[in-house]
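> curious how this folds, go ahead:
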Amino acid sequence: MLRYFYALIVVLSLISCKDDSVENCPTPQEKYLSMTINPEFNGQELFLDQTVTSSEGYLIQFTELKCFLEDIRSYENLLIDAGLFDYRAKGVDVFRTPGDPAAFDSLNFNLGVRSDLNHSDPTLFPTNSDLNIINANDMHWDWNPGYIFVKVEARVDTIPDTIENYDHNVVFHVGGDVNLQDISLNNLQWNLIAENEYQLDLKLDMEKFLNDGNQSIDLRTEHTSHSAPNQAPLSLKIMQLFKSAISTY
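Below you'll find the model as predicted:
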């Protein structure tokens, strides 16, 4: 309904300017859409290197949170080719691109990078694309062609005592075509944050990433994946749980 209303406004504005000079017809200002991903734990904002406690009583300090969102669109309308969430380097910002909120009241995108692009030369993407190797940086494997879809790193104290000792390293670097996940978001509300600037805020619930009620990760025993064949079950579970942790507010 919003799309049809917006189209009607455009038509009426063109009709009203038909008999006026070009100078009297205002040029519509371009609108921009941006997305943020906001990490949380136990309902509170989560910062890197902050200590949080898992349901098992483990003390956790997340040190890296990164992911690729690719082919971000609403049906046939492409919004942007890809957005890279890098909490340490970029904060919560994922992308900013021209677009009208009326055309994107729903979004579909990949968590990860689809196969044909995943195995493309990363130097050939436009320099303003997050898929370009300059922007992807360490989210692309040079030794194993393809992108890292999700990267989670942490230091963990798995011994419940009075001594804090974060000597247990968690390293999840997950990619691979079989681990690609699709995400659909509907009935979206883009927030007007400035003139012609609209923002969609997503939540990343890292407590839910560890346990979404259907699956769970025990960081004491499940702490490493570089997407090797013998790590396939854990790699897939990491992707499924990361997908489960992403939602609208």
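
> in the protein, where is pLDDT below threshold?
Within the chain, the set of residues satisfying pLDDT under 70 comprises 1-27, 143.

> what about residue 120, which SS state?
coil (DSSP: H, G, I helix; E, B strand; the rest coil).

> give me the phi and psi for it.
Per-residue torsions, residue 120: phi -80, psi 170 (degrees, to the nearest 10).

> what about it, how many neighbours?
Number of residues near residue 120 (other C-beta atoms under 10 Å) recorded here: 15. From N, CA and C alone the C-beta is placed, and that goes for glycine too.

> now it: how far from residue 229?
23 Å (C-beta to C-beta, to the nearest Å).

> secondary structure element holding residue 61?
Element membership for residue 61, per DSSP states H and E: strand 59-74.

> after that strand, which helix or strand is next?
strand 77-86.

> wait, isn't residue 61 in contact with residue 50?
Yes - counting by C-beta atoms under 8 Å, residue 61 touches residue 50, with 6.7 Å between them.

> more crowded one of these two?
Counted by other C-beta under 10 Å, residue 61 and residue 50 do not tie: residue 61 has more neighbours, with 18 against 13.

> where's the more buried one relative to residue 127, distance?
Residue 61 is 34 Å from residue 127, by C-beta to C-beta.

> show me where this structure has helices.
Secondary structure of the chain, counting by DSSP state H: helices at 2-16, 87-90, 115-118, 133-136, 206-210, 232-245.

> sorry, back to before: buried residues in the strand holding residue 61, which are they?
Within strand 59-74, the residues scored as buried using 16 or more other C-beta atoms under 10 Å are 59-72, 74.

> nearest to residue 149, of the residues you listed?
Residue 149 has its nearest neighbour among those in residue 68, at 5.6 Å by C-beta to C-beta.

> the closest one pairs with what?
Beta bridges link residue 68 to residue 84, judged by DSSP bridges.

> okay but it is in contact with residue 117, surely?
No - judged on C-beta under 8 Å, residue 68 makes no contact with residue 117 at a distance of 10.0 Å.

> what's near enough to touch residue 164?
Shown in contact with residue 164 (C-beta atoms under 8 Å, 6 or more residues apart in numbering): 51, 59, 157.

> and with 10 Å instead?
By C-beta atoms under 10 Å, 6 or more residues apart in numbering, the contact list for residue 164 reads 51, 59, 61, 157.

> with residue 142 instead?
Neighbours of residue 142 in contact, by C-beta under 10 Å, 6+ apart: 122, 133.

> measure it to residue 65 for me?
22 Å.

> do residue 163 as well
Counting by C-beta to C-beta, the gap from residue 163 to residue 65 is 27 Å.

> next: residue 112.
15 Å.

> ok so, going back, any idea how far the strand holding residue 61 is from the chain center?
Centre-to-centre, strand 59-74 and its host chain are 5 Å apart (C-alpha atoms, centre = their mean, to the nearest Å).
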